[in-house]
Structure formats: C-alpha cells, structure tokens
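1. no letters, just coordinates:
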C-alpha cells in the first residue's frame with residue numbers, strides 16, 4: 001500500500017517547515033479523502049514546524065499561504081484515479097498529475113504548482129490516493145478511510 005518512497009519523504013521532513021494541504025469536495029464521496037487526511041493529521045501531529053490547510057476545491061484562494069517564504073515544503077493530498085486498487089497511495093510526478101487528478105478543483109493542481117514554483121522556492125509534493133468513486137454522496141468509503149488512517153499513522157510515526 002505505501003511505498004518506501006513515501007516513508008523516505010516523511011522521514012525527511014521532521015525539521016522542515018511543512019504545509020500539509022488537503023484538496024477535495026466533502027459532497028463527492030471519496031474525493032474528500034485529502035480533506036479527511038488533513039483533519040485527522042492536524043489532531044494527531046502537533047509539531048510546531050507543521051501547519052495544515054483544508055483548501056477543498058479552491059487552492060487558488062490560498063496563493064499567499066502557498067507562496068510563503070517561511071515554508072520549506074508543501075505536501076498536497078488529493079483524490080486520484082491511477083489504478084484499480086482503491087486506497088493505493090503514491091507520490092505523483094508532475095507529468096502524472098493532470099492524467100490522474102479527478103479535477104473537482106476550480107483550478108488544475110498543475111497550474112497551482114507552476115504558480116508556486118514561479119513565486120517561491122518552496123518544494124512541492126503531491127500525494128495521490130486512488131479512489132473508488134466521486135459520486136454525490138457525503139461519505140468516504142471504508143476502504144479509503146482505512147488507507148488514509150494508515151497513511152496518517154505513517155506520517156505521525158516518521159515525524160515524531
């Protein structure tokens with residue numbers, strides 16, 4: 001479920017000023033998994049160098065925060081479709097983002113990242129969580145909650 005690449009990323013951020021950003025739509029089932037991760041992570045990981053943002057479908061509304069000179073790293077969490085394995089999690093490469101994103105955002109995450117890189121030196125990572133459905137239902141599937149909870153535990157353990 002979780003690759004060594006994810007573990008390596010989380011182990012490397014212990015002391016970095018990191019902004020965790022959740023993307024998604026609460027009314028579209030599994031599309032809210034990125035928001036779920038941020039909500040839970042915020043309550044479980046109380047490091048002073050970590051901040052949390054629930055951007056939902058409008059990350060462009062937070063450009064000042066996303067281009068802050070105070071940050072070392074931004075990690076976006078987003079619902080995606082990249083395999084047949086519900087709950088699979090991976091770090092998305094820039095060229096994969098437009099292919100795998102479910103696009104419930106008002107602006108493409110690729111455009112947001114380009115803007116961040118143009119106006120800031122902050123590093124950016126996108127973690128995609130493979131979804132079952134983005135139908136109009138207000139619940140995340142149990143499979144995705146389980147996978148997200150495992151991811152949250154991995155982050156907490158790696159950064160403690």
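-> Now that the structure is in, tell me what you want to look at. Just so it is clear, the model here is predicted, and its values are computed rather than measured. Residues are numbered from 1 along each chain as shown.
2. so what's the residue count around residue 153?
-> 14 (other CB atoms under 10 Å). For glycine as for every other residue, the C-beta is placed from the backbone atoms N, C-alpha and C.
3. contacting residues around it?
-> Counting by CB atoms under 8 Å, 6 or more residues apart in numbering, residue 153 makes contact with nothing.
4. then residue 137?
-> So residue 137 contacts 27, 28, 29 (CB under 8 Å, 6+ apart).
5. pLDDT on the helix or strand that contains residue 149, on average?
-> Assigned by DSSP states H and E, residue 149 belongs to helix 142-159. For helix 142-159, the mean pLDDT works out to 94.
6. can you flag the buried ones in the contacts of residue 137?
-> Taking 16 or more other CB atoms under 10 Å as the criterion, what is buried in these is 28, 29.
7. mind putting the contacts of residue 137 in a markdown table, secondary structure included?
-> As requested, these are exported to a markdown table (DSSP: H, G, I helix; E, B strand; the rest coil):
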| residue | secondary structure |
| --- | --- |
| 27 | coil |
| 28 | coil |
| 29 | helix |
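8. tell me the one of the contacts of residue 137 nearest residue 111?
-> Comparing those against residue 111 with CB to CB places residue 28 closest, at 20.5 Å.
9. look up how far residue 67 lies from the closest one.
-> Between residue 28 and residue 67 the distance is 28 Å, computed by CB to CB, to the nearest Å.
10. quick one: buried residues of the helix holding residue 149?
-> For helix 142-159, by 16+ other CB under 10 Å, it's 144, 145, 147, 148, 151, 152, 154, 155, 156, 158, 159.
11. what do you get for stretch 8-19?
-> Within stretch 8-19, the residues scored as buried using 16+ other CB under 10 Å are 9, 10, 13, 17, 18, 19.
12. wait, residue 77 touches residue 32, no?
-> No: using CB atoms under 8 Å as the test, residue 77 is too far from residue 32 to be in contact (10.7 Å).
13. re the thing from before, include distance to residue 37 when you put the contacts of residue 137 into a markdown table, please.
-> Below are the contacts of residue 137 laid out as a markdown table (distance: CB to CB, whole Å):
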| residue | distance to residue 37 |
| --- | --- |
| 27 | 17 |
| 28 | 15 |
| 29 | 15 |
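14. show me where the chain has strands.
-> Ranges of strands in the chain, per DSSP state E, are 18-23, 50-56, 73-80, 89-92, 123-130.
15. tabulate the ones you listed (a markdown table), appending distance to residue 37 and mean pLDDT.
-> Output for these, formatted as a markdown table (distance: least, CB to CB, whole Å; pLDDT from 0 to 100):
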| stretch | distance to residue 37 | mean pLDDT |
| --- | --- | --- |
| strand 18-23 | 6 | 97 |
| strand 50-56 | 10 | 97 |
| strand 73-80 | 5 | 94 |
| strand 89-92 | 10 | 93 |
| strand 123-130 | 8 | 94 |
